[in-house]
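Participant: 3D model of this:
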Amino acid sequence: MKMTFPDFELPPILADALHGRVAFALTLAAAASRETLKFFRTTAFQVERKSDRSPVTRADKQAEQVVRRMVTEAFPSDAILGEEFGSVAGQSEFEWIIDPIDGTKSFISGVPLYSTLVGMTVAGHPQIGVIAIPALGELIIAATGLGAWYGQSFTNQSRVQLTRAYVSKQSRLEDGLMVTSQVDNFSRREAESAYRELEAQAYVSRTWGDGYGYLLVATGRAEVMVDPIVNPWDVAAVAPVIEEAGGRFSSWAGDFDIRAGHCIGSNGLVHEQVLSRLRPFAASTAEARMKLPATNSNN
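Facilitator: Alright, predicted model coming up:
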């Protein structure tokens with residue numbers, strides 16, 4: 001059965017925000033999502049290995065090229081940063097940070113939990129975020145000061161209205177769900193003990209990770225998502241989504257930093273409980289870049 005990705009209707013508050021860039025972010029996410037679905041669960045791609053052994057496919061590259069062309073045509077002065085083709089400098093204060101297939105390992109395995117991420121920063125600070133789950137027809141979009149908005153197509157309707165999204169009100173990890181992308185990545189920060197402690201504390205822990213895990217947090221279905229290894233394209237879209245849904249995004253050091261190399265996205269209420277276990281393992285950004293490969297092995 002051919003999968004389709006629906007159109008999502010922006011609420012009026014977002015329609016003209018940031019000179020039309022919020023609406024454009026939604027357009028980018030939809031275009032990239034549809035491009036990935038052309039390849040999902042087909043034999044139309046081969047898996048290549050990058051230098052760090054993480055996988056990449058024709059679908060990753062083609063979807064990113066689609067987004068780059070659209071940005072260049074609509075906002076030629078804006079900068080672009082993507083996982084597959086690096087950075088293009090701009091002349092404006094806006095930068096688009098994109099990852100059309102976040103969770104390539106899920107994608108190549110035919111698991112529908114991969115995500116499409118579109119983020120935009122203004123003078124380096126995340127302002128717009130979109131997390132789409134193409135194979136499930138889910139999407140959440142946020143802009144600083146304007147809230148987070150979520151929708152899902154359950155019946156293949158062609159147009160879906162977005163409604164406000166909020167994090168959960170669960171105040172104890174012992175009663176909540178913790179998600180992550182890949183457990184063995186904690187060992188690369190020598191933080192296996194911290195993960196095991198958090199796993200033992202949480203009522204439920206699952207590896208429903210990558211962008212999907214953060215969407216679960218932002219829609220109140222999980223209390224916290226923890227990543228030991230991330231790059232800016234993994235979290236630029238995530239940060240405003242989590243914060244605008246009423247949660248908290250930070251590095252393991254507790255700072256709001258999309259370039260730290262590690263992060264926590266939570267409902268805010270369990271954040272300090274999780275942070276207290278992870279802070280001792282938060283190496284400086286410089287140290288993290290020396291220790292870890294340039295790409296996110298979660299993919």
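
Participant: Spatially nearest residue to the residue positioned nearest the centre of the chain, not counting backbone neighbours?
Facilitator: With distances taken as C-alpha atoms, centre = their mean, G211 lies nearest the centre of the chain, 3.6 Å away. Across the structure, with C-beta to C-beta, 6 or more residues apart in numbering as the measure, the residue nearest G211 apart from its sequence neighbours is S115 (2.9 Å). Using the backbone N, CA and C atoms, a C-beta is placed for each residue, glycine as well.

Participant: burial measure for that neighbour, as a count.
Facilitator: 33 (other C-beta atoms under 10 Å).

Participant: From L269, how far off is it?
Facilitator: Taking C-beta to C-beta, to the nearest Å as the criterion, S115 is separated from L269 by 24 Å.

Participant: Ok, P112 next?
Facilitator: When C-beta to C-beta is the yardstick, P112 and L269 sit 29 Å from each other.

Participant: cool, and G137?
Facilitator: For G137, the distance to L269 - C-beta to C-beta - is 29 Å.

Participant: I133 too?
Facilitator: Taking C-beta to C-beta as the measure, I133 falls 25 Å from L269.

Participant: Check which helices and strands the helix or strand L117 falls within sits against.
Facilitator: Element membership of L117, judged by DSSP states H and E, is strand 115-122. Using 3 or more C-beta pairs under 8 Å, 6 or more residues apart in numbering; DSSP states H and E as the contact test, the elements touching strand 115-122 are helix 21-37, strand 94-102, strand 125-133, helix 210-218, helix 232-235, helix 238-244.

Participant: Pull out the buried residues from stretch 99-112.
Facilitator: Residues of stretch 99-112 classed as buried: D99, P100, I101, D102, G103, T104, K105, S106, F107, I108, P112 (neighbour count, 16 or more other C-beta atoms under 10 Å).

Participant: so the residue nearest to G211 bridges to which residues?
Facilitator: With DSSP bridges as the criterion, the beta-bridge partners of S115 are D102.

Participant: if I pick it, what's in contact with it?
Facilitator: Taking C-beta atoms under 8 Å, 6 or more residues apart in numbering, we find S115 in contact with I101, D102, G103, I131, A132, I133, P134, D210, G211, Y212, L215.

Participant: Equivalent analysis for Y195, please.
Facilitator: If you count contacts by C-beta under 8 Å, 6+ apart, Y195 has them with T180, V183, F186, V226.

Participant: quick one, helices of the stretch 51-200 of the chain?
Facilitator: In the stretch 51-200 of the chain, helices defined by DSSP state H, counting those that start in this stretch lie at 58-74, 104-108, 192-201, listed in chain order.

Participant: which of those sits most buried?
Facilitator: Compared across these, helix 104-108 shows the largest average neighbour count, a mean of 23 (mean count of other C-beta atoms under 10 Å).

Participant: Let me know the average pLDDT across it.
Facilitator: Here the mean pLDDT over helix 104-108 is 92, rounded to a whole number.

Participant: what packs against it?
Facilitator: Using 3+ C-beta pairs under 8 Å, 6+ apart as the contact test, the elements touching helix 104-108 are strand 55-57.

Participant: which helices and strands does the strand it packs on pack with?
Facilitator: Of the remaining helices and strands, those touching strand 55-57 by 3+ C-beta pairs under 8 Å, 6+ apart are strand 47-49, helix 104-108.

Participant: ok now the shortest one, how far from the chain's centre?
Facilitator: Which is strand 47-49. 22 Å (C-alpha atoms, centre = their mean, to the nearest Å).

Participant: Partner strands of that strand and their direction?
Facilitator: For strand 47-49, the paired strands and their directions (DSSP bridges) are strand 55-57 (antiparallel).

Participant: Go through the strand it pairs with and flag the buried ones.
Facilitator: By neighbour count, and taking 16+ other C-beta under 10 Å as the criterion, the buried residues in strand 55-57 are P55, V56, T57.

Participant: Would you agree the last one is in contact with F40?
Facilitator: Same thing as T57. No: look at T57 against F40 with C-beta atoms under 8 Å: they stay out of range, at 10.2 Å.

Participant: any common contacting residues for these two?
Facilitator: Common neighbours of T57 and F40 (criterion: C-beta under 8 Å, 6+ apart): F107.

Participant: Just give me how far stretch 210-223 sits from the chain centre.
Facilitator: With C-alpha atoms, centre = their mean, you get 10 Å for stretch 210-223.

Participant: How about stretch 176-190?
Facilitator: On the basis of C-alpha atoms, centre = their mean, stretch 176-190 is displaced by 16 Å from the centre of the chain it belongs to.

Participant: residues making contact with that stretch?
Facilitator: Applying C-beta under 8 Å, 6+ apart, the set of residues contacting stretch 176-190 from outside is 103, 168, 170, 192, 194-195, 198-199, 202-210, 213, 216-217, 221-229, 262, 267, 270, 274, 281, 283, 291-292, 297-298.
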